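Chemist: Pasting the sequence and the predicted coordinates here, then a few questions.
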Amino acid sequence: MFRKLCLVAAAAALFSGCAGLPAGGGANDTAAVTAAAEKLRVAMVDPTREALSALVADDLSYGHSGGKIDTKAGFIADLLDGKSDFVTIAISEQTVKVVGDAAIVRHTLIADTLDAGKPGKVNIKILHVWQKQGGQWKLLARQAVRPPV
């Protein structure tokens with residue numbers, strides 16, 4: 001009886017430890033997140049409601065480099081109505097780390113803009129948090145910061 005209890009306890013300890021391990025995180029997920037981030041870059045330059053809605057989670061939290069906090073609806077609306085108008089976007093120094101059903105993407109974004117018809121240049125650091133939802137990677141959080149001078 002004692003031996004049986006020890007085996008049950010050992011099995012429970014083994015399986016409870018496994019439950020906390022992240023799933024996925026392989027090369028396929030990294031490639032899928034990288035592809036989703038690229039689709040978002042393209043959709044920000046040439047926005048459509050369909051493309052952006054497919055890439056952005058309903059619960060998006062977006063912190064702009066100027067301090068404004070935005071939602072999915074606001075992020076998409078600003079791109080569609082030209083308040084936030086990217087003429088070009090170049091991404092560099094990108095890293096992607098997949099942890100279970102989440103992914104952390106960091107990069108530098110350099111862009112030419114035409115926000116509300118006014119030409120400008122943007123150079124910011126970006127942090128994205130992507131989450132796998134229904135088999136698709138969706139942007140859950142985005143934080144932009146100005147690089148130190």
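Modeler: On my side now, so go ahead.

Chemist: So, low pLDDT: which residues of this structure?
Modeler: Applying pLDDT under 70 to the chain flags the ranges 1-25.

Chemist: where exactly do the strands run in this protein?
Modeler: For the chain, strands defined by DSSP state E occupy the ranges 56-63, 69-70, 86-99, 102-115, 118-133, 136-145.

Chemist: Could you dump these into TSV and include distance to L80 and mean neighbour count?
Modeler: C-betas here are computed from N, CA, C, even on glycine. Output for those, formatted as TSV (distance: least, CB to CB, whole Å; neighbours: other CB atoms under 10 Å):
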stretch	distance to L80	mean neighbour count
strand 56-63	12	16
strand 69-70	13	14
strand 86-99	12	14
strand 102-115	13	17
strand 118-133	18	16
strand 136-145	16	19
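
Chemist: And the ones you listed: which comes nearest D29?
Modeler: strand 86-99 (4.5 Å; CB to CB).

Chemist: Ignoring the adjacent residues along the chain, who's closest to A54?
Modeler: Q136 (7.5 Å; CB to CB, 6 or more residues apart in numbering).

Chemist: what sits against K121?
Modeler: When contacts are counted by CB atoms under 8 Å, 6 or more residues apart in numbering, K121 touches 110-113.

Chemist: for the residues you listed, which one is nearest T88?
Modeler: Distances from T88 to the contacts of K121, taken by CB to CB, are shortest for D112, at 4.6 Å.

Chemist: Return the distance of G100 relative to G26.
Modeler: 11 Å (CB to CB, to the nearest Å).

Chemist: which one of these two has more residues nearby?
Modeler: G100 (14 against 10; other CB atoms under 10 Å).

Chemist: right, and the strands of the chain - which one's nearest T30?
Modeler: strand 86-99 (5.3 Å).

Chemist: these two touch, right, I104 and K97?
Modeler: Yes - counting by CB atoms under 8 Å, I104 does reach K97; the two are 4.7 Å apart.
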